[in-house]
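Engineer: Build me a model:
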Amino acid sequence: MSYAVRFRRSLVPTLGGAVLTLGLAISAQAQCQLNGKIKHVVYVEFDNVHFTRDNPNVPSDLEQMPNLLNFIKHNGTLDAGDHTVLISHTANDILTTEIGLYSDNHGVFVANSFGVFEPGNQKIDMPSSFFYWTDLVSDITPSTKDNNFALVTPEGKNVPAPWVPFTRAGCDVAAFSTANIVLERTPFDVVKVFGAGSDQAMESSGDQFDHYVGAAIHCSINSPYCTQANHAVADVLPDEPGSYSGYQAVFGLKYIAPALGGLTDYNGNAITGFGNIGFDPIPAQTLAVVETMLKKGIPVVFAYIADAHDNHIAESTFGPGEAAYVQQLADYNASFGTFFANLKAAGLDETNTLFIFTPDEGDHPVTGTASPAGCDGAKIEGNMVVPDVPCTYGPNGVGEIDLRLDLAAQAAGNNTPFTIHFDDAPTVYIPGAPGPNDSEVRGLEHTFAGLTGLNNHTGQNESLLGTGLGPELQGALVDPVGQKMLHMNALVDPARTPTFTFFGNPNFFFNTSPFIPNGVDSGFAWNHGDIQPEIGRTFIAIAGPGVRNLGITSPHDFFTDHVDLRPTLMLLTGLKDDYVSDGRAILELIDPSVLPSSLHAHSDTLLRLGQVYKQINAPFGELAKSTLKVSTHAITSNSNGDQTYIKLENAIASWTTERDAIAAQIKSLLDAAEFHGEAIDEQQAKQLIRSGQALLARASSCAEEPEDCGE
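Structural biologist: Reported below is the predicted structural model:
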């Protein structure tokens, strides 16, 4: 049955229903207390939507969505210097933007699954990173016998939830297709929330997915949406600081759609369940749902939109400038035009609504040569995307190069068993969990560093580690010593820490599956997870009250990464989390008139402090880049007694200890100034800046001449 036929039933409310939902809207909005002029928050996370061009001749994704790009340029700021975390993948990147914590502080640093050594360390499981907020690792994969929360703090507690400051302020928070804050798995999540003997738990798995997965309303106290009629259940957060009792939530479109008076996408299709949408919604679906939620009085909405470069009808993918890719982006652009126009007509715009748009990560496209030479795929005329010279790709078209890493290692004479997270940047787990100095580990690292593979698009053998370690890294190796610097080690659950990580050639997708043949995979062509700039550098687009209208900033104007979005959101809305963020509020894009006096005092020093903090602490900061270079040199070295490796690993460990001490002090100063009204200590801040700069200089010098490092 087609999408249109299945959802043809009308959900237009009666007059009585319209009056009821209008009353709900007024009631829900009246109790929500945000800062200043902000009455609503729209937070949209894209999957792999790009501001920069993947082909210099082809307009980028955002350039082909001028309705969105121009809205930001005219009303706010697009920060083009944002960066992901590591590993740069959907689940991890969404989590870090939602909560403002680096991966070692929330427990999921390999995505979209994470490795866990079973007791005895002989078997490695790969639980999914897509689960509900309060799930344990053993809830996801029982064989792990790991009863830690999947989202776990260094103290072993469940990570505080991102909706809590809003609901405590009287604001309902809706979520649509957004990772970890909606139910994701059947039957477990459904049984957990509704109860083992409930009517919901008795439904088939397919009906459970359609009815209860993918959408949620986390309600404030006395919300008109969390009622018995809407099948509200307790919103349980067992470890929330300050407790979280008396709050409720509604899960699933089966209950949410009727409560909103019906949902219809921008193509005229009624939305009654999640089954025909899944976790890959297009803008015509997501933006229509967000619009309705806002109009019905839900002031804060988190939502997700799928990438534009994959075929959302069949399992295939497109290269930059292909006609179908251009058309898909034109559809995306049209939906954004409808979205902004409809909200404007309803009185919701940049004067009273905070709009945030950001992607989880970027991608490296793997294609043949674009043809004809100079093809541009599309051109922009005013606010319109007009097809011009479509691109095609050959001789193997579009597709990543799948490669069996275990077979490649065996062909090189190394039979060490290992498990990997399938990726172009695989984390590696060796049974027995040997230490980084173990000869078996060192041997496998050396084997990986020397492997080559055929790039079917070019006909050339390429290093699987990548080519070159110049100013922009193309490949690297890190073990737990380097991983700690990159926030990739588990702080409370060491069973999750990989034996080492292979940041590989982004043209290849590494696996160990007998069911995936080596060669071009036309279903997938956009690799991420890795360290290349096209993957790790993204954007934050933000507009609304309190946001400066800077248009588009240069990537070199200032450095941000995913953890900075959360404290920026909190500062703008006048709220604060019940924990200290790993990020900093992006003061460069906030109107000084809305900042507290504590952020006006010593403002120049405060900005310098924030930038040094990013360079020493961010996974894509300068200290991290130096670490990747030095770690790769150390791991691939083969000196007598492994002395080069030992010396350089000790250097990285020393940097990390020093970094952690400096970063902890800076975090405390920034948090006190941003959320507690305390101006920074000017002298202490300047000393921390000097200490951070000295650390950066030592690490950079070591990266330039690693053999002389520590001499």
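Engineer: Let me see the contact set for Arg681.
Structural biologist: Quick fix: residue 681 reads Asp, not Arg. Neighbouring residues of Asp681 by CB atoms under 8 Å, 6 or more residues apart in numbering: Leu669. Yep, even glycine has a C-beta here, placed from its N, CA and C like the rest.
Engineer: For stretch 214-227, buried residues please.
Structural biologist: Judged by neighbour count (16 or more other CB atoms under 10 Å), stretch 214-227 contains these buried residues: 214-220, 223-226.
Engineer: Return the subset of those residues lying in strands.
Structural biologist: 215-218 (DSSP state E).
Engineer: Between these, which sits nearest Leu575?
Structural biologist: Checking these against Leu575 with CB to CB, the nearest one is His218 at 14.4 Å.
Engineer: The closest one and Tyr132: what is the separation?
Structural biologist: Distance of His218 to Tyr132, given as CB to CB, to the nearest Å: 12 Å.
Engineer: cool, Thr286 as well?
Structural biologist: As judged by CB to CB, Thr286 and Tyr132 stand 20 Å apart.
Engineer: Tell me which of these two has more neighbours.
Structural biologist: Thr286 (26 against 23; other CB atoms under 10 Å).
Engineer: So the more buried one is in contact with Phe176, correct?
Structural biologist: Yes. Here Thr286 reaches Phe176: they are 6.1 Å apart, a contact under CB atoms under 8 Å.
Engineer: re earlier: Ser691: which of the buried residues of stretch 214-227 is nearest?
Structural biologist: Nearest to Ser691 among these: His218, at 41.1 Å, using CB to CB.
Engineer: in the sheet, who's paired with that closest one?
Structural biologist: His218 has these beta-bridge partners by DSSP bridges: Val173, Ala249.
Engineer: Isn't it up against Cys171?
Structural biologist: No. If you go by CB under 8 Å, His218 and Cys171 don't touch, sitting 9.6 Å apart.
Engineer: before we move on, the earlier item: now the ones in strands among the buried residues of stretch 214-227 as JSON lines including distance to Val137?
Structural biologist: Below are those laid out as JSON lines (distance: CB to CB, whole Å):
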{"residue": "Ala215", "distance to Val137": "25"}
{"residue": "Ala216", "distance to Val137": "22"}
{"residue": "Ile217", "distance to Val137": "27"}
{"residue": "His218", "distance to Val137": "23"}
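Engineer: Relative to Asn333, which of those residues is nearest.
Structural biologist: Ala215 (24.9 Å).
Engineer: Would you enumerate the residues in contact with that closest one?
Structural biologist: By CB under 8 Å, 6+ apart, the contact list for Ala215 reads 174-177, 182, 251-253, 256, 274, 289.
Engineer: Buried subset of those, written for PyMOL?
Structural biologist: Selection of the buried residues among the contacts of Ala215 in PyMOL, burial being defined by 16+ other CB under 10 Å:
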select buried, resi 174+175+176+177+182+251+252+253+256+274+289
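Engineer: Let's see which of the contacts of Ala215 end up in strands.
Structural biologist: 174-176, 251.
Engineer: Closest one of the residues you listed to Gly347?
Structural biologist: The closest of those to Gly347 turns out to be Ala174 (CB to CB; 18.8 Å).
Engineer: quick one: the closest one and Gly214 touch, right?
Structural biologist: No. With contacts counted by CB under 8 Å, Ala174 stays clear of Gly214, the gap being 11.7 Å.
Engineer: Tell me where the stretch 451-600 of the chain has strands.
Structural biologist: Ranges of strands within the stretch 451-600 of the chain are 452-455, 460-463, 476-478, 500-503, 508-511, 519-521, 526-527, 537-543, 551-552, based on DSSP state E, counting those that start in this stretch.
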